[in-house]
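Undergrad: return a 3D structure for these sequence lines:
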Amino acid sequence: MKQLRKHIREEISRLMAEEKYAATQEITDTLKMTLKLDPLVRYVDTLKAANTLPPSYEIRLLNGTSFMIYYEEFGLMVKIGTKDYYLNDAKELLMAKKHINRLLTDPQLKTSGEEETEMSDTPEDIPADTPAEEPAEEEPEA
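TA: Alright, predicted model coming up:
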C-alpha cells in the first residue's frame, strides 16, 4: 500500500510539473510521442506561442537551445535553424529527431563569468577588447 501511495504522489507531481507548459494538446503530444521527448520536464525548459504566420510554438530546451514547431495545412513542421522537417514524412521525422538530439547533446560554449549564449553580439573578426570605430561627425551645413 505504501508503494502505491508513493507511486501516485510521484505521478501527480510529474503531471503537475508538466502543467507549466501552456501549449495545445497537439503540440505536447507531438513532443512526447512523435519526437520522443517524454517526460517534457527532462528536456524542455519552456514553450512559447510565437506570433508568426502560420501559427507556431518556440520550444526552448534546458541547455538554452531552441527550435520551432509550425502548424502547416497538412500537418506539423519542425524548424531547427534553417532546416525544415515535416513530421508526416518518415525520413524527415527521423532527421528531425537526430537534429534535436544534436541540439540536446552538443556542448554549448560558455565564456568564463558569463551566462550561456547562443549567438555572440560582436562579430568574430573583431576582438572584444578593441573598441569599435565611431563614424566621424559631420559639420552641419550653414
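Undergrad: I'd like the next helix or strand past the helix or strand of the chain with the lowest mean pLDDT.
TA: Ranking every helix and strand in the chain by mean pLDDT, DSSP states H and E puts helix 2-18 at the bottom, with a mean of 75. The C-terminal neighbour of helix 2-18 among helices and strands, as given by DSSP states H and E, is helix 25-29.
Undergrad: the helix or strand that that following helix is followed by - contacts with which helices or strands?
TA: Sequence-wise, the next helix or strand downstream of helix 25-29 (DSSP H and E) is helix 40-43. The helices and strands touching helix 40-43, judged by 3 or more CB pairs under 8 Å, 6 or more residues apart in numbering; DSSP states H and E, are helix 2-18. From N, CA and C alone the C-beta is placed, and that goes for glycine too.
Undergrad: return the alpha-carbon coordinates of the helix it packs on using CSV.
TA: What follows is helix 2-18 as a C-alpha-only set of coordinates in CSV (Å, rounded to 0.1, in the frame of the first residue of the first chain):
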residue,chain,number,x,y,z
LYS,A,2,2.9,2.4,0.8
GLN,A,3,4.4,1.8,-2.7
LEU,A,4,1.1,2.5,-4.3
ARG,A,5,0.8,5.8,-2.4
LYS,A,6,4.3,6.7,-3.3
HIS,A,7,3.7,5.9,-7.0
ILE,A,8,0.5,8.0,-7.0
ARG,A,9,2.3,11.0,-5.4
GLU,A,10,5.2,10.8,-7.9
GLU,A,11,2.7,10.6,-10.8
ILE,A,12,0.7,13.6,-9.6
SER,A,13,3.9,15.7,-9.1
ARG,A,14,5.1,14.7,-12.6
LEU,A,15,1.8,15.7,-14.1
MET,A,16,1.7,19.0,-12.2
ALA,A,17,5.2,19.8,-13.4
GLU,A,18,4.0,19.3,-17.0
